[in-house]
Structure formats: C-alpha cells, structure tokens
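Undergrad: The sequence and its predicted three-dimensional model are supplied below.
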Amino acid sequence: MEPARLSARALACRRGERVLFRGLSFDLSAGEALHVAGPNGCGKTSLLRVLAGLLRPFAGEVSREGAMALVDGRLALDDHLPLGRALAFWGRLDGHDQHLDRLGLAPLADVPVRYLSTGQKKRAAIARLAGQNAPIWLLDEPLNGLDTDAVALVEAMVADHTGAGGVAIIASHQPFRLAAARRLHLPDHAA
Ligand SMILES: Nc1ncnc2c1ncn2[C@@H]1O[C@H](COP(=O)(O)OP(=O)(O)OP(=O)(O)O)[C@@H](O)[C@H]1O
C-alpha cells in the first residue's frame, strides 16, 4: 500500500449560519484509525466532507499523503443496472479486488441495484471502497443497516486495512470495534 497520512489543523466548519465545531486537530499516520462520535447533527458528516475536500473548511487546514475513498449515504452505483454489472463498471476503472465473495455479494450479481436492501447496498458500497485500494478510508456511518455478521465483517475489513498500513476515519454514533482506533467526541469541539 502507498504511504498514508491524514492531518487536520485547527479545523472549523460552518453550515449555514452555524459553526458546528472549531479548533479540531489530529494526526493519523499509517495503521491508525479515528472514531468520530457524537449525536445526530453535531457535524460528523460535515467533518468527513471537509476531510474529503468536498466542503471548504471555515478555518484551519487538512493535509494528507495518499489517495482517499469515501463511503457515505450515497451509493455511486447505477440504480438500473444489475449489481454485478454496476460494480464491474467501477472494477474496470479501479482495478482491485472488490471482495464480492467475502461481502456475500456474488449471489446478488443479477439483482438490479434499486431492488437491494439497505444492508445489501451498504455492502455494495464497501465493495466499491475495497476495489479502490485507497490508503485513506473515510467511512460515514458504515454500519447503518448491516446485520450482526455484516457489522463484524466490516469491522474486520477496516482492521485488515489499518493492519496493512492504511488510515481509517469512522464517523458513527454507533460503537465500532477496532482495537487501533482512537476516539474523538465531536461535541467536545462545539463552537
Ligand atoms: N447545506 C447545509 N446548510 C445548512 N446547514 C446544514 C447543511 N448541511 C447540514 N447542515 C446542518 O449541519 C448540522 C450538522 O450536520 P451533519 O450531517 O454534519 O451532522 P451529523 O453529525 O453527521 O448528523 P447525523 O448523525 O444525523 O448523520 C445539522 O444541524 C445540519 O442540519
């Protein structure tokens, strides 16, 4: 895996008229993970979008080494295509193993994406993530809709990723079992 590092310096984020957090700093290097916790609306998704470069910080800066991949509530798969073809489209571009068998997706190859259940869609999003082979994973509520076995599987995949030298940020109000993860309680940085 290519080298990975992700840092935030004195980060602040404003949505509309409200500053959600300020003075947020962290450094993550190869093999490290951060669990960003806090209740609905505290700014977890906004933080991930700032880190991904999709939202401009109100103050502070983000620096990184290595490519990033983001999993959030949006599934970047064509709704009308069967899952197998939708994932194959990205597979050709990304060029890495999507772990379809491990994620239990192989039997769903012929099912149109729009017919998939919430948990199946989330597993498809994780497959796309795995296929990107990016060293930095940004995961927004990655366990939403997953059953107990799939939760354990995704936790194991993130552990494998950090074990191989990747970096992971998990934004979730749910517990996420990952021995290497530090915890950041976002409301502690409320403005
Ligand atoms: N485009 C926007 N303009 C104004 N306010 C916004 C915008 N997007 C989000 N917000 C507000 O910013 C706050 C933080 O939203 P965000 O989605 O980052 O929270 P969150 O911690 O991820 O919540 P959840 O746990 O419910 O997903 C919320 O009060 C939300 O209404």
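TA: Thanks, I have the structure now. Numbering: from 1, shown residues only.

Undergrad: So residue 107, which state does it fall into?
TA: The three-state label given to residue 107 by DSSP: H, G, I helix; E, B strand; the rest coil is helix.

Undergrad: distance of it from residue 66?
TA: Distance, residue 107 to residue 66, by Cβ to Cβ, to the nearest Å: 34 Å. In this view, the C-beta of every residue, glycine as well, is placed from N, C-alpha and C.

Undergrad: ok, now residue 76?
TA: For residue 76 relative to residue 66 (Cβ to Cβ), the value is 20 Å.

Undergrad: neighbour-wise, which of residue 107 and residue 66 wins?
TA: residue 66 (17 against 10; other Cβ atoms under 10 Å).

Undergrad: wait, the more buried one sits on residue 133?
TA: No. In this structure, residue 66 is not within contact of residue 133 by Cβ atoms under 8 Å, at 10.6 Å.

Undergrad: neighbours around residue 181, how many?
TA: As a burial measure, residue 181 scores 20 neighbours (other Cβ under 10 Å).

Undergrad: Can you name the residues bridging to it?
TA: With DSSP bridges as the criterion, residue 181 is bridged to residue 33.

Undergrad: That one: what's it in contact with?
TA: If you count contacts by Cβ atoms under 8 Å, 6 or more residues apart in numbering, residue 181 has them with 33, 34, 35, 168, 170.

Undergrad: got a pLDDT number for the residue nearest the centre of the chain?
TA: When Cα atoms, centre = their mean is applied to the chain, the residue found nearest the centroid is residue 139 (1.6 Å). For residue 139, the model assigns a pLDDT of 98.

Undergrad: The one 5 residues further on now?
TA: Residue 144 is assigned a predicted lDDT (pLDDT) of 92.

Undergrad: pretty sure it is touching residue 121, no?
TA: No. The pair residue 144 and residue 121 does not pass the contact test of Cβ under 8 Å, sitting 9.7 Å apart.

Undergrad: Which one's more surrounded, those two?
TA: Between residue 144 and residue 121, counted using other Cβ under 10 Å, the more crowded position is residue 121 (19 against 14).

Undergrad: Grab the nearest non-local neighbour of that one.
TA: The spatial neighbour of residue 121 that comes closest, neighbours along the chain excluded (Cβ to Cβ, 6 or more residues apart in numbering), is residue 75 at 5.2 Å.

Undergrad: secondary structure class for that neighbour?
TA: Following three-state DSSP, the label given to residue 75 is coil.

Undergrad: do residue 125 as well
TA: helix.

Undergrad: wait, what's in contact with it?
TA: By Cβ under 8 Å, 6+ apart, residue 125 lies in contact with 71, 75, 76, 77.

Undergrad: Which one of these is nearest to residue 161?
TA: residue 71 (12.0 Å; Cβ to Cβ).
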